[in-house]
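In: Got a sequence here, can you build the structure:
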Amino acid sequence: MAGPTVAAFTDTEHQRAYKLLASKVATMGGRKLEEDDWNSVYLQTKRFPESGWSNTDLDINHEGLGVESKLLKSTRKGGVSSYFGDTVMHPAGTRAVDTPEYGFGNGDADEAAHFMVQEYADYIRRRQNEVRENSSDGEADLRLSLLIWEEDLSEFIYFERRWTPPDPDDFYGEWSHNPRSSSKRQSSTSLHVYREANDEKRYSVTDPSKGVKVQPYIDVPEEDSDHLYHFVAQGETPGASMKRRVWAPPTLDTYLKTKLGDDVDGEMLSNKIYEFADRVSSGEIDLSSDDGVESISVAEPFDITQEAYSILQELSEASDTDALRLVARKLERNQTGT
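Out: Numbering: from 1, shown residues only. Just a heads-up that it's a prediction; the model follows:
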């Protein structure tokens, strides 16, 4: 089960993860976040070697640290901050479990819950052994983590909890029978598993006809928790300023410094964006052509004015960086006559 929260990063690693995640977003062009995107950020943050992503292996298994890390897209109007202190069903369910011999959906729900929790506990122990085998000192620190992300890739929250085998005697179960609602939809049965001490739902076990799966519920830390990491990758307001932060990848950063000078800063860049907007409104610059997007890696931040940032937001639904790239290329194209 998911135990207490633990520190995922040192202060230095936290800052590194922030920059790497913002840089990753700058390369994505607004596409959907994938598990390997976050996995690469985590590995680079920790300075761990690339191990290759697998859907069956632990996401992280390095020198005694094992992390099962999953992504959850925010579906709430309040965004990722609305999850603070809440409980969500963790996507890291497992199908590597058996079902009771007397059949799923039959018999005593408490017995079924005891059986399924025991299966899940055995699964966690197997994961612990995998980490222990990859540890030079024979120790295993197994964790369950969650990254909750906004669809527009603007904000993320991340945390890790210890992942330890639960005691089956601490739980009871209830069958949930969902009758067929239409000719195309089959009826299904699920097992809801609750902790006896406080009647909180801790697991959901799906119908074997759809592939039996044990999914744990996990508590999101409160906003002021030292172990909750909040990342703003687009549109961040640095400190108490009235600025907005945008990220320029290496190729674009080099381009900007070549055209505007090595001392280019947020104020200079804001003025360039105002110039761009004026030339668009006068018809001097045509936005109809597509300049393409090059791949990028680690990015550099520029703190521009709120007004300049509003202009960028109107230019691209994909990302701030794509809009900034468009400004740079269009200004250069019209200045050189190409």
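In: in the protein, which residue is closest to the centre?
Out: residue 147 (3.5 Å; Cα atoms, centre = their mean).
In: Now do the same for it: its pLDDT.
Out: pLDDT, residue 147: 97.
In: Assign a three-state SS to it, would you?
Out: When classified by DSSP: H, G, I helix; E, B strand; the rest coil, residue 147 comes out as strand.
In: Quick check: it touching residue 68?
Out: No - applying Cβ atoms under 8 Å, one finds residue 147 not in contact with residue 68, separated by 12.0 Å. Any C-beta I mention is one placed from the backbone N, CA and C, and that applies to glycine too.
In: circling back: the residue nearest to the centre of the chain: what's it in contact with?
Out: For residue 147, the contact set (Cβ atoms under 8 Å, 6 or more residues apart in numbering) comprises 38, 69-72, 156-158.
In: Those in strands, which ones?
Out: The strands, defined by DSSP state E, take in 69-72, 156-158 from the contacts of residue 147.
In: Any chance of these in JSON lines with pLDDT as columns?
Out: Output for the ones in strands among the contacts of residue 147, formatted as JSON lines (pLDDT from 0 to 100):
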{"residue": "69", "pLDDT": "91"}
{"residue": "70", "pLDDT": "92"}
{"residue": "71", "pLDDT": "95"}
{"residue": "72", "pLDDT": "96"}
{"residue": "156", "pLDDT": "98"}
{"residue": "157", "pLDDT": "98"}
{"residue": "158", "pLDDT": "98"}
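In: Neighbour count and distance to residue 140 added to the residues you listed, as a markdown table?
Out: Shown next, in a markdown table, are those (neighbours: other Cβ atoms under 10 Å; distance: Cβ to Cβ, whole Å):
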| residue | neighbour count | distance to residue 140 |
| --- | --- | --- |
| 69 | 20 | 16 |
| 70 | 17 | 20 |
| 71 | 19 | 24 |
| 72 | 18 | 25 |
| 156 | 25 | 27 |
| 157 | 23 | 26 |
| 158 | 25 | 22 |
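In: still on that earlier bit, state the distance from the residue nearest to the centre of the chain to residue 259.
Out: The gap separating residue 147 from residue 259 is 36 Å, by Cβ to Cβ, to the nearest Å.
In: for residue 244, what are its contacts?
Out: Applying Cβ under 8 Å, 6+ apart, the residues contacting residue 244 are 235-237, 303-306, 308-309.
In: Give me the secondary structure label for it.
Out: Here residue 244 is recorded as strand under three-state DSSP.
In: Which of the three states applies to the spatially closest residue to it that is not a sequence neighbour?
Out: Spatial nearest neighbour of residue 244, excluding adjacent residues (Cβ to Cβ, 6 or more residues apart in numbering): residue 309 at 3.6 Å. Under three-state DSSP, residue 309 falls in the helix class.
In: what ranges do the helices span in the stretch 51-200 of the chain?
Out: 109-133 (DSSP state H, counting those that start in this stretch).
In: got the residue ranges for the strands in it?
Out: For the stretch 51-200 of the chain, the strands defined by DSSP state E, counting those that start in this stretch cover 60-62, 65-73, 87-89, 141-149, 155-163, 171-178, 188-195.
In: Any chance of JSON lines for those strands, columns distance to residue 105?
Out: Formatted as JSON lines, the strands of the stretch 51-200 of the chain follow (distance: least, Cβ to Cβ, whole Å):
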{"stretch": "strand 60-62", "distance to residue 105": "35"}
{"stretch": "strand 65-73", "distance to residue 105": "27"}
{"stretch": "strand 87-89", "distance to residue 105": "20"}
{"stretch": "strand 141-149", "distance to residue 105": "28"}
{"stretch": "strand 155-163", "distance to residue 105": "28"}
{"stretch": "strand 171-178", "distance to residue 105": "6"}
{"stretch": "strand 188-195", "distance to residue 105": "4"}
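In: closest one to residue 16 among these?
Out: strand 155-163 (13.4 Å; Cβ to Cβ).
In: Please work out which residues outside that closest one touch it.
Out: Outside strand 155-163, the residues that touch it by Cβ under 8 Å, 6+ apart are 1-6, 8, 21, 66-68, 79-81, 83-84, 124, 127, 141-150, 218-221, 225, 227-233.
In: Show me how far that strand is from its chain's centre.
Out: 9 Å (Cα atoms, centre = their mean, to the nearest Å).
In: that older thread, out of the contacts of strand 155-163, which end up buried?
Out: 1-2, 5, 8, 21, 66-68, 79-80, 83-84, 124, 127, 141-150, 218, 220-221, 228-229, 231-233 (16 or more other Cβ atoms under 10 Å).
In: Which of the three states applies to the nearest residue in space to residue 30 that is not next to it in sequence?
Out: Leaving aside its sequence neighbours, residue 30 sits nearest to residue 318 (Cβ to Cβ, 6+ apart; 3.3 Å). Taken by three-state DSSP, the conformation at residue 318 corresponds to coil.
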